[in-house]
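Visitor: Next come a sequence and a model predicted from it.
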Amino acid sequence: MPHQRGFASAQIALQLDIAIADRRVSRQRLGVGLGVVFAVPDASCAGSSYNRRVTAVRTQIDPLVLWPQVQTWARELGFSQIGVTGVDLSTAEPGLQAWLAAGFHGGMDYMAAHGLRRARPAVLVPGTVSVITARMDYLPMHTEGDWVAQENARATRPGEAVVSLYARGRDYHKVLRSRLQKLQEKLAQAIGPFGHRVFTDSAPVLEAELAQRSGLGWRGKNTLVLQREAGSMFFLGELFIDFALPHSEPVTPHCGQCSACIDLCPTAAIVGPHRLDARRCISYLTIEHEGPIPIELRSLIGNRIYGCDECQLVCPWNKFAQRSTLPDFDARAGFMDAALSTLLTWDEAEFLRRTEGSAIRRIGHARWLRNVALAAGNALATQQLSGVEANQLQILLQGLKTHPSEVVREQAAWSLAQDRLSL
């Protein structure tokens, strides 16, 4: 889940566990005013490095002074909340192993290839001691109060393409990565160089698990992270660091007896509380899945051409979803209210032009056409289109029957057949 997928200030508990390195060092004060005292290695220990940088040996950190400043920097950079957790995720390993063993990861072979490294930050990035987690709200800043009703209404207009809310603006990978890097730079200016690595849905990291442990929210039954003041409409990112900070206190879950996300998932992909079968998830099928979409699931996808927000739209907590403070997530032309017939006319050059700087670009033009063609078939099957709209889709789908991609050709043929089958 690409966001939290992939597939507010943190409440700090003083769970400080700072390891003091006993080495020969020449001491130098850094980060004056932040209560931070570090020891910079002399030549005898200058060989240690992390993320291609020399790692200072720290002798003292006053986190009660440092952490509030880090929170301030994070807010200034547009983050909604940050937290801190450690690197011991061993209790999450059995669940990860069971999920992979069940085949719920589908064709995402990289998840199985990395195995338990996903649950071991210090193995993934040697030297990691703490993980700073961050979330960033992504509802466009001018989103109206009845946005959930507006989004639900899109499903009733079969000739309109629906792109998941998170993907309508700038690529979130770019936004979060650059701002996490700036946060790291501010921290380094205050305390001196330190080992680090930034992640934002870009490596085998258990992002939701780290977010939950660091107090950014609790795991909803749809597997996403939920926050009482923000719902689940936010992105997650991480900054792995090589020194200790006090861990944020986890929050208690508040889903209660609610099962709306399970009951109303269009493809029944949420097979139980906290158990997602990606092979049935519309987000997986329209983004990660490369081949033909299983025939038995096609009609259930409706007019969704990239991602799915259904389990979030039905979640009661998303009435508290917050607007972004950044313009980056405002919808681009073509990704909201666009007609399927318009999107089917995009050749590869037009697709690349329209998706420059967008997360959508990574699926490629052929997969884009597969998705739009599928939605066109579902639209034709409804018999709700005007004669002109139906004729346009039929002509465009006929043109795709000679496309170089076998997947696109097969999808176009299937979609054309839906018009006849519905008569």
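Guide: Nice, I can see it.
Visitor: what about the strands in the stretch 151-300 of the chain?
Guide: For the stretch 151-300 of the chain, applying DSSP state E, counting those that start in this stretch gives strands covering 162-163, 196-199, 218-219, 225-226, 234-241, 270-272, 275-276.
Visitor: Neighbouring strands of the fourth one in the sheet, and parallel or not?
Guide: Yep, that's strand 225-226 we're talking about. Note on strand 225-226: by DSSP bridges, its sheet partners are strand 218-219 (antiparallel).
Visitor: between the strands of the stretch 151-300 of the chain, which one is nearest to M108?
Guide: strand 275-276 (12.0 Å; CB to CB). Backbone N, C-alpha and C define where each C-beta goes, glycine included.
Visitor: how far does that closest one sit from the chain's center?
Guide: Offset of strand 275-276 from its chain centre (CA atoms, centre = their mean, to the nearest Å): 16 Å.
Visitor: on that earlier part again, among the strands of the stretch 151-300 of the chain, which comes closest to Q394?
Guide: Closest approach to Q394 among the strands of the stretch 151-300 of the chain (CB to CB): strand 162-163, 20.9 Å.
Visitor: So what touches that closest one?
Guide: The set of residues external to strand 162-163 that reach it, using CB atoms under 8 Å, 6 or more residues apart in numbering, is R154, A155, G302, N303, R304, I305, Y306, G307, F335, M336, I360, A375.
Visitor: worst-scoring helix or strand of this structure, pLDDT-wise?
Guide: Least confident helix or strand, the chain: strand 25-28 with a mean of 28, by mean pLDDT, DSSP states H and E.
Visitor: In JSON lines: the strands of the stretch 151-300 of the chain, plus mean pLDDT, mean neighbour count and distance to L380.
Guide: Formatted as JSON lines, the strands of the stretch 151-300 of the chain follow (pLDDT from 0 to 100; neighbours: other CB atoms under 10 Å; distance: least, CB to CB, whole Å):
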{"stretch": "strand 162-163", "mean pLDDT": "98", "mean neighbour count": "24", "distance to L380": "16"}
{"stretch": "strand 196-199", "mean pLDDT": "96", "mean neighbour count": "22", "distance to L380": "42"}
{"stretch": "strand 218-219", "mean pLDDT": "98", "mean neighbour count": "19", "distance to L380": "39"}
{"stretch": "strand 225-226", "mean pLDDT": "98", "mean neighbour count": "25", "distance to L380": "37"}
{"stretch": "strand 234-241", "mean pLDDT": "97", "mean neighbour count": "26", "distance to L380": "35"}
{"stretch": "strand 270-272", "mean pLDDT": "97", "mean neighbour count": "16", "distance to L380": "29"}
{"stretch": "strand 275-276", "mean pLDDT": "96", "mean neighbour count": "22", "distance to L380": "30"}
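Visitor: Just send these back as CSV, with distance to A413 too.
Guide: CSV is the format used below for the strands of the stretch 151-300 of the chain (distance: least, CB to CB, whole Å):
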stretch, distance to A413
strand 162-163, 23
strand 196-199, 41
strand 218-219, 41
strand 225-226, 41
strand 234-241, 38
strand 270-272, 31
strand 275-276, 31
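Visitor: returning to what we had before: which pair in the contacts of strand 162-163 has the greatest spatial separation?
Guide: Spatially, the most separated pair among the contacts of strand 162-163 is A155 and I360, at 19.6 Å (CB to CB).
Visitor: More neighbours: those two, which one.
Guide: Neighbours were counted for A155 and for I360 using other CB atoms under 10 Å; I360 has more, 24 against 15.
Visitor: my read: the more buried one touches I305, true?
Guide: No - the pair I360 / I305 is not scored as a contact, 9.4 Å apart, by CB atoms under 8 Å.
Visitor: which residues do these two both contact?
Guide: Common contacts of I360 and I305, defined by CB under 8 Å, 6+ apart, comprise V163, W368.
Visitor: which strands and helices sit next to the strand or helix carrying V65?
Guide: Using DSSP states H and E, V65 sits within helix 63-76. For helix 63-76, the packing partners by 3 or more CB pairs under 8 Å, 6 or more residues apart in numbering; DSSP states H and E come out as strand 81-85, helix 172-191.
Visitor: ok, which stretches of the stretch 1-150 of the chain are strands?
Guide: Using DSSP E, counting those that start in this stretch, strands in the stretch 1-150 of the chain cover 25-28, 36-41, 49-50, 53-54, 57-61, 81-85, 130-137.
Visitor: got the CA positions of the helix holding V65 in PDB?
Guide: Output of helix 63-76 as PDB, limited to C-alpha atoms (Å, rounded to 0.1, in the frame of the first residue of the first chain):
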ATOM      1  CA  PRO A  63      16.500  14.700  25.100                       C
ATOM      2  CA  LEU A  64      14.100  16.700  27.200                       C
ATOM      3  CA  VAL A  65      15.700  19.800  25.600                       C
ATOM      4  CA  LEU A  66      16.400  18.400  22.200                       C
ATOM      5  CA  TRP A  67      13.100  16.700  21.400                       C
ATOM      6  CA  PRO A  68      10.800  19.700  21.700                       C
ATOM      7  CA  GLN A  69      13.000  21.500  19.200                       C
ATOM      8  CA  VAL A  70      12.900  18.600  16.800                       C
ATOM      9  CA  GLN A  71       9.100  18.700  17.000                       C
ATOM     10  CA  THR A  72       9.100  22.400  16.200                       C
ATOM     11  CA  TRP A  73      11.200  21.900  13.200                       C
ATOM     12  CA  ALA A  74       8.900  19.100  12.000                       C
ATOM     13  CA  ARG A  75       5.900  21.300  12.200                       C
ATOM     14  CA  GLU A  76       7.700  24.000  10.300                       C
END
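Visitor: Cool, thanks, talk later.
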